[in-house]
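>>> sequence below, structure please.
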Amino acid sequence: MIKIARDRATTHEIAMGAAIGTFISIFPTFGAGTIIVLFLYRFWKFNLFAAVGGSMVSNIFTSPFFMAASYQLGKLFYRSSTEIDFKKWYNHLDHLSISILLGSLILSFVLALLAYYLIGFIVSWYRRKKLRTVH
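From the prediction side, this is the model:
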């Protein structure tokens, strides 16, 4: 984090990178997250290292929680009579996928927004602190 904050990139570019990485990490991209980040990097100006750092939000330990939270959130907006049966979840994938994708979209957006403001605040705070100690 300190190395990213010392980068020449603006606070917005670093925060945007973290937000994009977080969004891509939580949204179910099924392993294509890094490729998507590299593709977006060609068109938008953001800090690539912050995006890679943000993409580490979801990992093998947190993914099941994000998936379950996405389903529960999506279920609030898309009513379905299907409930998750962990032994036969694949039989109802057509109904579950809409809830999961809708919930993932909302959860990814909210957490990306949170990452943007949190990382932006931390980088600004660190740079102000560093500037005060130098002068």
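>>> report the buried residues of stretch 51-59.
Residues of stretch 51-59 classed as buried: Ala51, Val52, Gly53, Gly54, Ser55, Val57, Ser58 (neighbour count, 16 or more other CB atoms under 10 Å). Every residue, glycine included, has its C-beta placed from N, CA and C.
>>> what sits up against that stretch?
1, 4, 17-26, 33-34, 37, 41, 66, 111, 115, 119 (CB atoms under 8 Å, 6 or more residues apart in numbering).
>>> tell me where the chain has helices.
Remark: helices assigned in the chain by DSSP state H are 2-5, 11-26, 33-41, 48-54, 63-77, 93-134.
>>> quick one: buried ones out of the contacts of stretch 51-59?
So, by 16+ other CB under 10 Å, the buried ones in the contacts of stretch 51-59 are 4, 17-26, 33, 37, 66, 111, 115, 119.
>>> can you redo the helices of the chain as TSV with mean pLDDT?
Output for the helices of the chain, formatted as TSV (pLDDT from 0 to 100):
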stretch	mean pLDDT
helix 2-5	69
helix 11-26	92
helix 33-41	87
helix 48-54	85
helix 63-77	86
helix 93-134	87
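>>> right, so these: which one is the most enclosed?
Mean neighbours per residue, mean count of other CB atoms under 10 Å, is largest over these for helix 11-26, with a mean of 25.
>>> kind regards, and thank you for your time.
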